[in-house]
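Novice: starting from these lines, generate the structure:
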Amino acid sequence: MCNRYLIKAKLENIAARFNARLIDDFELGVECLPRSSVPGLLFDKQSKRVLAGLQFAFCPPGCESPGDPKRALNNARVESIHKWPWKDAFRTSRCVVPMTDFREPCYWGETAGSEVYFHRPDHDLLLAAGIYRTWRSPDGESSVVTMSLLMRPAGDYVMSHGHHRQPVFVDEQEVDQWLERRTLETQAGVDLLRSLAIDPELEHTHARDMAPSWTKRQSARMRERDEQLAALETASAVGF
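Specialist: Residues are numbered from 1 along each chain as shown. Next comes the predicted model:
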């Protein structure tokens, strides 16, 4: 799952590239971690693009604070998008999250035992599909827009380099279709996402070696990989 990614770009440049209004004043670090404030593309009420600061951790209904639950909900599996807590946001509140690199641990192949950054050969932006929900305080005085990335079975490159999941990426020319403010039934949303999903050309860069204990997790990860590969026999070219 994607718990860490990089944005090697300035907020102003991202906003200009997508002709989006920058609506939040927040400091953008290169490294994006769970619960950090990260940029995301949304449609405003006039269906105009905005670049907003989103908390990289989805806050379900009923949470007392945007820091709930204790385990950050930053990855939503496409296969489970019809379930709580994702289903309502998936139907109504969709976003696109720019990144240049996403980081994953590798459990097989030539990169086994390491964490790597996956990125385009030219380090240009990758555009990940996401969902969002606005948390509001009980007194109505404060609010935080929270988001989760949508995750799919890994494409060939990521899979061959030791990890079985990756974000769902969409083409730059198609982002408005995903951002459109309309309510979709779950299957219609999945069909739309499937039609927009791409497998961009990727390369990888070594981030660090994992601690020796990684081998204790290896068999479980490979079992998850094999179960997923068996399920993919009836899936589309993009894995869902």
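Novice: let me know the outermost residue of this structure.
Specialist: What lies farthest from the middle of the chain is D139; by Cα atoms, centre = their mean that is 30.6 Å.
Novice: quick check, that residue in a strand?
Specialist: No: if the criterion is DSSP: H, G, I helix; E, B strand; the rest coil, then D139 is coil and not within a strand.
Novice: gap between it and P61?
Specialist: Using Cβ to Cβ, to the nearest Å, one gets 17 Å for the distance from D139 to P61. Just so you know, the C-beta spots here come from the backbone N, C-alpha and C atoms, and that holds for glycine as well.
Novice: try H119
Specialist: Per Cβ to Cβ, H119 is found 35 Å from P61.
Novice: looking at these two, which one has more neighbours?
Specialist: Each of H119 and P61 has its neighbours counted (other Cβ atoms under 10 Å); H119 has more, 23 against 10.
Novice: now the end-to-end length of stretch 233-240.
Specialist: Its start and end residues considered, stretch 233-240 measures 10 Å (Cα to Cα, to the nearest Å).
Novice: er, stretch 198-212 actually
Specialist: One end of stretch 198-212 to the other measures 35 Å (Cα to Cα).
Novice: remind me, longest helix of this protein?
Specialist: Ranked by residue count, the top helix of the chain under DSSP state H comes out as helix 214-231.
Novice: just the CA atoms of that one, as CSV, please.
Specialist: Output in CSV follows, covering the C-alpha atoms of helix 214-231 (Å, rounded to 0.1, in the frame of the first residue of the first chain):
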residue,chain,number,x,y,z
TRP,A,214,11.6,-8.2,6.3
THR,A,215,12.0,-11.9,5.5
LYS,A,216,9.4,-12.7,8.2
ARG,A,217,6.8,-10.9,6.1
GLN,A,218,7.9,-12.2,2.8
SER,A,219,5.9,-15.4,2.6
ALA,A,220,2.7,-13.6,3.6
ARG,A,221,3.2,-10.9,1.0
MET,A,222,3.9,-13.5,-1.7
ARG,A,223,0.8,-15.4,-0.7
GLU,A,224,-1.2,-12.2,-1.1
ARG,A,225,0.4,-11.7,-4.5
ASP,A,226,-0.5,-15.2,-5.7
GLU,A,227,-4.1,-14.9,-4.5
GLN,A,228,-4.4,-11.6,-6.3
LEU,A,229,-2.8,-13.0,-9.5
ALA,A,230,-5.4,-15.8,-9.5
ALA,A,231,-8.2,-13.3,-9.2
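Novice: noted, bye for now.
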